[in-house]
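Chemist: sharing a sequence plus its predicted fold:
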Amino acid sequence: SQKIEQNSEALNIQEGKTATLTCNYTNYSPAYLQWYRQDPGRGPVFLLLIRENEKEKRKERLKVTFDTTLKQSLFHITASQPADSATYLCAPWDSSYKLIFGSGTRLLVRP
Amino acid sequence: DGGITQSPKYLFRKEGQNVTLSCEQNLNHDAMYWYRQDPGQGLRLIYYSQIVNDFQKGDIAEGYSVSREKKESFPLTVTSAQKNPTAFYLCASSPATGNQPQHFGDGTRLSIL
């Protein structure tokens, strides 16, 4: 069955540094992948979508890469701020018209 | 403002009771979804609907039921057959299924008394 792996340990970084979160998937080949942000007690909020033929996608301080050979996506936040502290979910698309969500990685940005 | 409204925010159920969670959207989206989120786990799909009067089972549909009589509304009933209903339930919508970002409500936390 399809499996999504995100680092279950929180990523703790200093304000101003670049945060890099990893999403690995196995047993399928998604045509695209989405990233979401989730704050405690709230629903996820869509951030970025990247297609399999796009190696990299950027939006302001966010950058996503998609390596279909490694079966991996990396999510970068440059010049991180305490307000970026949240859980980040990756969601590769399953061909049966649905997203498969990872369990997320919690990011903590220290002032 | 357009968005998805889930109610109530917190819900308590007695053993053996059915309970219905509300989800309303004013985004004019065709597709709607219900997910369950447990601590330390990803969102798991319960049911989804691509269009009014049509819906399909997701990965964990047992013990749940839905209806889609109106485009704006996609209520979820947690039946007494669901043996472990305590969880955070999230409703989402998108313009269509497939390659579309999903917009989420702020969830309903269901607990068993």
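Modeler: Here it is on my side, so go on.
Chemist: can we go C-alpha only for contacts and neighbour counts from here?
Modeler: Noted.
Chemist: which residue does chain B bring closest to chain A?
Modeler: residue B:42 (3.6 Å; CA to the nearest CA).
Chemist: relative to the lowest-mean-pLDDT helix or strand in chain A, what are the paired strands and their orientations?
Modeler: Using mean pLDDT, DSSP states H and E, strand A:98-99 stands out as the lowest-scoring helix or strand of chain A, at a mean of 83. Here strand A:98-99 is paired, per DSSP bridges, with strand A:86-94 (antiparallel).
Chemist: helix, strand, or coil at the residue of chain A found nearest chain B?
Modeler: Using CA to the nearest CA, residue A:103 is the residue of chain A that sits closest to chain B, at 3.6 Å. Under the three-state scheme (DSSP: H, G, I helix; E, B strand; the rest coil), residue A:103 adopts coil.
Chemist: returning to what we had before: spatially nearest residue to the residue of chain B closest to chain A (excluding sequence neighbours)?
Modeler: Residue nearest to residue B:42 in three dimensions, not counting chain neighbours: residue A:103, with 3.6 Å by CA to CA, 6 or more residues apart in numbering or on different chains.
Chemist: residue A:75 now?
Modeler: Per CA to CA, 6+ apart, closest to residue A:75 is residue A:64, 4.6 Å.
Chemist: equivalent analysis for residue B:107, please.
Modeler: residue B:90 is the one closest to residue B:107 (CA to CA, 6+ apart), at 4.5 Å.
Chemist: spell out which parts of chain A neighbour chain B.
Modeler: A:8, A:32, A:34, A:41-46, A:49, A:93, A:95, A:97-98, A:100-104 (CA under 8 Å from any CA of the partner chain).
Chemist: just the buried ones out of these, please.
Modeler: Buried members of these, scored by 16 or more other CA atoms under 10 Å in any protein chain shown, are A:32, A:34, A:43-46, A:49, A:93, A:98, A:100-104.
Chemist: taking the residues you listed, tell me the two that lie furthest apart.
Modeler: Greatest spacing in these, by CA to CA: A:32 and A:43 (21.4 Å).
Chemist: start to end distance for stretch B:84-97?
Modeler: 28 Å (CA to CA, to the nearest Å).
Chemist: that stretch: how far from the chain's middle?
Modeler: 4 Å (CA atoms, centre = their mean, to the nearest Å).
Chemist: buried residues in that stretch?
Modeler: For stretch B:84-97, a neighbour-count test (16+ other CA under 10 Å) marks B:85, B:86, B:88, B:89, B:90, B:91, B:92, B:93, B:94, B:95, B:96, B:97 as buried.
Chemist: and for that stretch, what's in contact with it?
Modeler: With contacts defined as CA atoms under 8 Å, 6 or more residues apart in numbering or on different chains, stretch B:84-97 is touched by A:43, A:97-98, B:4, B:6, B:23, B:25, B:28-38, B:50, B:78, B:100-112.
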